[in-house]
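Asks: show me how the following folds:
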Amino acid sequence: MYANKFQSPLCNFFKNLNPGDDVDTLIIGGKPHSVDAFVSFDEKTGIVTFMKDNGAIFIIGSNRLDAIIIDN
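Replies: Below is the predicted model:
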């Protein structure tokens, strides 16, 4: 039932990331927020979890994200 609910390009991208993959910055409401790594994407709820450099967990609904920056 929820399989088609989160089909935005970002959601499809999150479905292919692995825990620990590098993600540097989230753009939320046009403002940058630094993170360090992807943790998980819940396909049922659209919740995306990231870890910050200091070990803090950053949790956000995928519908709130404008963009992500991965700086290799």
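Asks: just the buried residues of the helix or strand bottoming out on mean pLDDT in the chain, please?
Replies: Here the helix or strand of the chain ranked lowest by mean pLDDT, DSSP states H and E is helix 9-15, holding a mean of 90. Residues of helix 9-15 classed as buried by neighbour count (16 or more other Cβ atoms under 10 Å): 10, 11, 14. For the C-beta atoms, the positions are set from N, CA and C on the backbone; glycine is no exception.
Asks: so what pLDDT did the nearest residue in space to residue 24 that is not next to it in sequence get?
Replies: Leaving aside its chain neighbours, residue 24 sits nearest to residue 71 (4.7 Å; criterion: Cβ to Cβ, 6 or more residues apart in numbering). pLDDT, residue 71: 88.
Asks: so residue 71 is in which element?
Replies: Using DSSP states H and E, residue 71 sits within no helix or strand.
Asks: what about it, how many neighbours?
Replies: Per other Cβ atoms under 10 Å, the neighbour tally for residue 71 reads 7.
Asks: any buried residues in stretch 45-63, and which?
Replies: Applying 16+ other Cβ under 10 Å to stretch 45-63 flags 46, 48, 49, 50, 51, 58, 60, 62 as buried.
Asks: surely the last one touches residue 46?
Replies: Right, the one you point to is residue 62. Yes - the pair residue 62 / residue 46 is scored as a contact, 4.4 Å apart, by Cβ atoms under 8 Å.
Asks: what is in contact with these two at once?
Replies: 6, 11 (Cβ atoms under 8 Å, 6 or more residues apart in numbering).
Asks: for beta bridges, what are the partners of the residue nearest to the spatial centre of the chain?
Replies: Nearest to the mean C-alpha position of the chain, by Cα atoms, centre = their mean, lies residue 48 at 4.6 Å. According to DSSP bridges, the partner residues bridging residue 48 are residue 41, residue 60.
Asks: could you check how far it is from residue 27?
Replies: Between residue 48 and residue 27 the distance is 13 Å, computed by Cβ to Cβ, to the nearest Å.
Asks: which neighbours do the two share?
Replies: Counting by Cβ under 8 Å, 6+ apart, the residues touching both residue 48 and residue 27 are residue 65.
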